[in-house]
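Asks: below are the sequence and a predicted model for it; my questions follow.
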Amino acid sequence: MNIGDKAPEVLGKDENGREIRLSDYKGKKLVLYFYPKDMTAGCTAQACNLRDHYDELKAAGYDVLGVSVQDEKSHTKFIEKNQLPFHLIADTEQLLNQAFGTWGEKSMYGRKYFGRVTSDE
């Protein structure tokens, strides 16, 4: 996905199994952040930082959605444990990750596998 490309209309299902659509956020600015896994140290720090600044983001007209490949049950626990005020999309089939180019082949110690890729671009 490149700057200016339109995101998919159906973003996925949230922690409650409710379908999240891009049109649900029409006229709003949306922070869509991708992270590898619920309950890990780095991902928890990232989510809690967004939580701690959520009121500022909302005041500036932004809404926040997190995306990972974990299922709804895992997201529910993550939200409850960290008191997150925003929804998390369960992208269990990696459709949204693939659309945004955050899912692909990785390599560690010569072993190839698929997972969430990061970019600094």
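Replies: Cool, got the structure.
Asks: can you give me the strands for the chain?
Replies: Applying DSSP state E to the chain gives strands spanning 10-14, 19-21, 29-34, 62-68, 87-90, 103-108, 111-116.
Asks: can you lay out those strands as TSV showing distance to Leu96, mean pLDDT and mean neighbour count?
Replies: Just so you know, the C-beta spots here come from the backbone N, C-alpha and C atoms, and that holds for glycine as well. Below are the strands of the chain laid out as TSV (distance: least, C-beta to C-beta, whole Å; pLDDT from 0 to 100; neighbours: other C-beta atoms under 10 Å):
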stretch	distance to Leu96	mean pLDDT	mean neighbour count
strand 10-14	5	95	19
strand 19-21	10	96	15
strand 29-34	8	93	15
strand 62-68	6	96	21
strand 87-90	7	97	24
strand 103-108	9	60	12
strand 111-116	11	60	12
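Asks: relative to Met1, which of those is closest?
Replies: Closest approach to Met1 among the strands of the chain is made by strand 29-34 (10.8 Å; C-beta to C-beta).
Asks: still on that earlier bit, kindly reformat the strands of the chain as JSON lines containing distance to Thr40.
Replies: Listed next are the strands of the chain as JSON lines, based on distance: least, C-beta to C-beta, whole Å:
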{"stretch": "strand 10-14", "distance to Thr40": "20"}
{"stretch": "strand 19-21", "distance to Thr40": "23"}
{"stretch": "strand 29-34", "distance to Thr40": "14"}
{"stretch": "strand 62-68", "distance to Thr40": "10"}
{"stretch": "strand 87-90", "distance to Thr40": "14"}
{"stretch": "strand 103-108", "distance to Thr40": "16"}
{"stretch": "strand 111-116", "distance to Thr40": "11"}
